[in-house]
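K.L.:
Provided below are the primary sequence and the corresponding predicted coordinates.
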Amino acid sequence: MRRVLTILRIIFGVGLLLYVLTVTDGWQRVAELGQAPWLILALLTMAFLGTAVEAVRLKLLCRAQRIHVTFGRGFQLSAIGATYNFVFPGGTGGDVMKLYYMARDNRGRVVETGLALLVDRAVSLFGLLLLILALAALNFEMVVNQALIGWLVLIAASVAAALLMFMMLSLSTKLRASWLYLFAMRKLPLRGLLQRVSDALYSFREHKRELLLALAWSLCGHVSLAVVLTAVGSTLMPDAPGRILPFLSLLGSLANALPITPGGLGVGEAATEHLFGLQGLSGGAALIVAWRMSTLPVCVIGAMLSMVGVKQRDQATAASGTAASKK
C-alpha cells in the first residue's frame, strides 16, 4: 500500500509540474535561460555551495554530541540526502539516509546522531524563516494587502517563534530542575529514551558557539540562494520589482517541505507561480524548476556515493558470512 501511495504521489507531482509549466509557458522560459550561461553557472555554483554549507553545519552540530564528522563526510552525506529528497515525499528520505550512514559510522549513538540531524534541520529552517521575515518587512505593504501572503508570513513567524522557544526550553537549567520535569522523567513511558534525548539537547548549552555558527552558515547559504534566485527571476520576470523576487521565491519554496510529492515536485512550482500571480506576474514555476534542475549534478554525485556505500555494505556482509561459515 505504501508503494502504491508513493507511485501516486510521484504521478501527481509530475502531472502538476507539467500542467503548471504548460499553462505558464514555463518550458520556454526555462529554455531562454540557456542564452545566459552565467546564470546557469550561478545556479550550479549555488547547488554545490548549499551542499557545502550543509556539510559545515552538520559538522558543527555533531561536535556538540561528541560525534566526529569531517567536512568531506558531511558533503557526502548532504549529497546523498539531496538524492533521496527527490525520491521520497516531503524530503524526509534524505534525513533517513543520513541517519543510516551516520549511525553506521557511530555504533550505539543512534539517539545522539538522530538528534544532531533534527537540530540541523531545525537550524536550517529557522535561518530560512528569519530571512523570509526580514524580506517581509521590506515588502510590508504587500504583506498587509495580500491576505494569503499575510497569513503565510504569520505562519512563518509562528514557526520561527516555536523553534526558538523549544530550543530555549531545551537548554533551560531551571526547567530540568523543576518538579514537572523530574516527575515526567520518573513516570512517563520510555523515560529512559526521553532522558537520553533531553540530555543530548541540553548538551548544546555548552556548545552555544556551534549553534550560533551553524545558524550563521545557514543564513549565508540562504542569502546566497536569494541573490541567485533574484538574478534568475529578473531574467524570467523583467517587470518584477527586485525586492519581491527573493521574498516570494523563498516563501513559495517552503511548499517543497510539504509531504505531498517527492521533494515538493510540482507543489513548490505551483505555489510559487500562484504567489507571483497575485502580483500580476508569471514565471514563478519556471524559477523553481531552474533551481531544481541545478541541483541534479549534486543528486547524481549522491546517487553514485549511495551505490558505493551499498556495494561496500554487501561486500562486508559477504565477508562476515564467509568468516562465520569457516568457524
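P.N.:
That came through fine. Residues are numbered from 1 along each chain as shown.

K.L.:
what about this protein, any weak spots by pLDDT?
P.N.:
Residues of the chain meeting the criterion pLDDT under 70: 1-3, 6, 87-93, 259, 309-327.

K.L.:
Can you show me the strands along it?
P.N.:
Remark: no strands are assigned in the chain by DSSP state E.

K.L.:
For stretch 209-216, C-alpha coordinates in CSV please.
P.N.:
Extracted C-alpha coordinates of stretch 209-216, given in CSV (Å, rounded to 0.1, in the frame of the first residue of the first chain):
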residue,chain,number,x,y,z
ARG,A,209,29.0,28.8,19.8
GLU,A,210,28.5,25.9,17.5
LEU,A,211,24.7,26.6,17.4
LEU,A,212,25.3,30.3,16.5
LEU,A,213,27.9,29.4,13.9
ALA,A,214,25.6,26.8,12.3
LEU,A,215,22.8,29.5,12.2
ALA,A,216,25.2,32.0,10.7
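
K.L.:
residues in contact with that stretch?
P.N.:
Contacts to stretch 209-216, defined as Cβ atoms under 8 Å, 6 or more residues apart in numbering, come from residues 56-57, 60-61, 63-64, 120, 123, 126-127, 167, 204. For glycine as for every other residue, the C-beta is placed from the backbone atoms N, C-alpha and C.

K.L.:
So which of the residues you listed is the closest to Gly150?
P.N.:
Phe126 (21.0 Å; Cβ to Cβ).

K.L.:
State the number of residues packed around the residue lying closest to the closest one once chain neighbours are set aside.
P.N.:
Leaving out its chain neighbours, the residue that sits closest to Phe126 by Cβ to Cβ, 6 or more residues apart in numbering is Leu163, at 4.9 Å. For Leu163, the count of nearby residues is 15 (other Cβ atoms under 10 Å).

K.L.:
so which of the contacts of stretch 209-216 comes closest to Ala157?
P.N.:
For the contacts of stretch 209-216, the residue nearest Ala157 by Cβ to Cβ is Phe126; the value is 11.7 Å.

K.L.:
Hmm, that closest one is touching Ala157, no?
P.N.:
No. Using Cβ atoms under 8 Å, Phe126 is not in contact with Ala157; the gap is 11.7 Å.

K.L.:
Between those two, which is the more surrounded one?
P.N.:
More crowded of Phe126 and Ala157, by other Cβ under 10 Å: Phe126, with 20 against 15.

K.L.:
any idea how far Tyr84 is from the more buried one?
P.N.:
Remark: distance between Phe126 and Tyr84 (Cβ to Cβ, to the nearest Å) = 23 Å.

K.L.:
Check Leu49 too.
P.N.:
20 Å.

K.L.:
Also Leu148?
P.N.:
Distance of Leu148 to Tyr84, given as Cβ to Cβ: 31 Å.

K.L.:
Which one of those two is surrounded by more residues?
P.N.:
Ranked by neighbour count (other Cβ under 10 Å), Leu148 and Tyr84 place Tyr84 first, with 23 against 10.

K.L.:
Next, the contact list for the more buried one, please.
P.N.:
Contact analysis of Tyr84 by Cβ under 8 Å, 6+ apart lists 93-94, 96-97, 302, 306.

K.L.:
Buried among those residues? Need that as a selection in ChimeraX.
P.N.:
Per 16 or more other Cβ atoms under 10 Å, the buried members of these correspond to this ChimeraX selection:
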select :93,94,97,302,306
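
K.L.:
Which of the contacts of Tyr84 sits closest to Ile7?
P.N.:
The shortest approach to Ile7 among those belongs to Gly93, at 14.8 Å (Cβ to Cβ).

K.L.:
what's the distance between the nearest residue to Phe247 once chain neighbours are set aside and Ser203?
P.N.:
In this structure, Phe247 finds its nearest non-sequential neighbour in Leu135, 3.9 Å apart by Cβ to Cβ, 6+ apart. For Leu135, the distance to Ser203 equals 33 Å [Cβ to Cβ].

K.L.:
do the same with Thr113
P.N.:
13 Å.

K.L.:
who's more crowded, those two?
P.N.:
When Thr113 and Ser203 are compared for neighbours, Thr113 comes out ahead with 24 against 16, by other Cβ under 10 Å.

K.L.:
Could you measure from the more buried one over to Asp120?
P.N.:
For Thr113 relative to Asp120 (Cβ to Cβ), the value is 11 Å.

K.L.:
same deal with Leu169?
P.N.:
For Leu169, the distance to Asp120 - Cβ to Cβ - is 19 Å.
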